[in-house]
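Peer 1: everything below, folded, please.
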Amino acid sequence: MSSSGSKIIYHNFEPVNTGSPGKARYRQDTYREDWRRFFVIQLHLYLSAKKSGRLADRAEEDMIRDLLLVYWEEIAASGILEGISVLEKMKLFRSIQVDFPVLEMHGCDGFIAVEG
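Peer 2: Numbering: from 1, shown residues only. Coordinates of the predicted model:
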């Protein structure tokens, strides 16, 4: 989470349709809980790889959430989560490698000098 104390806002999902009229792949509450688990696990993996261990600002927070949302929608639509336990889902969420964008700055101690 950003140092400004902002809270992470989870996407307000609707259940994924299976193609059958009136049926959803998940109950809405299960879908949201699975999204939150996936998001928290992947956010933790992202932050552990960062030197600062935190999100820099709201823009980074939004970008990471949007990127994880793309992955999540593919996972949810695949049907892979159907019929597996919460523990199995969490193992799966940890095993998914998200291609997070990385920018490394060498020799500037995390600051960019700007002359004005």
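Peer 1: could you pull out the buried residues of stretch 56-64?
Peer 2: Residues 61, 64 are the ones in stretch 56-64 that count as buried (16 or more other CB atoms under 10 Å). From N, CA and C alone the C-beta is placed, and that goes for glycine too.
Peer 1: export it to CSV, keeping only CA atoms.
Peer 2: Provided in CSV are the C-alpha atoms of stretch 56-64 (Å, rounded to 0.1, in the frame of the first residue of the first chain):
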residue,chain,number,x,y,z
ALA,A,56,5.1,4.4,-4.5
ASP,A,57,1.8,6.1,-5.3
ARG,A,58,-1.8,5.8,-6.4
ALA,A,59,-0.8,5.4,-10.1
GLU,A,60,1.4,2.3,-9.3
GLU,A,61,-1.4,0.9,-7.1
ASP,A,62,-3.9,1.3,-10.0
MET,A,63,-1.5,-0.2,-12.5
ILE,A,64,-0.8,-3.2,-10.4
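Peer 1: any idea of the mean pLDDT for that stretch?
Peer 2: The pLDDT scores in stretch 56-64 average 94.
Peer 1: likewise for stretch 30-46?
Peer 2: Per-residue scores along stretch 30-46 average to 95.
Peer 1: point out where this protein drops to low pLDDT.
Peer 2: Along the chain, segments meeting pLDDT under 70 span 1-26, 103-116.
Peer 1: how about a cut-off of 80?
Peer 2: Within the chain, the stretches with pLDDT under 80 are 1-28, 102-116.
Peer 1: just the helices in it please.
Peer 2: Along the chain, counting by DSSP state H, helices occupy 28-49, 58-78, 86-95.
Peer 1: buried sites along the first one?
Peer 2: Of the residues in helix 28-49, those buried under the neighbour-count criterion (16+ other CB under 10 Å) are 31, 32, 34, 35, 38, 39, 41, 42, 43, 46.
Peer 1: still on that earlier bit, in TSV, list the helices of the chain along with distance to residue 101.
Peer 2: Below are those laid out as TSV (distance: least, CB to CB, whole Å):
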stretch	distance to residue 101
helix 28-49	10
helix 58-78	8
helix 86-95	20
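Peer 1: residue 102: which of those is closest?
Peer 2: For residue 102, the closest of the helices of the chain is helix 28-49, at 7.8 Å, according to CB to CB.
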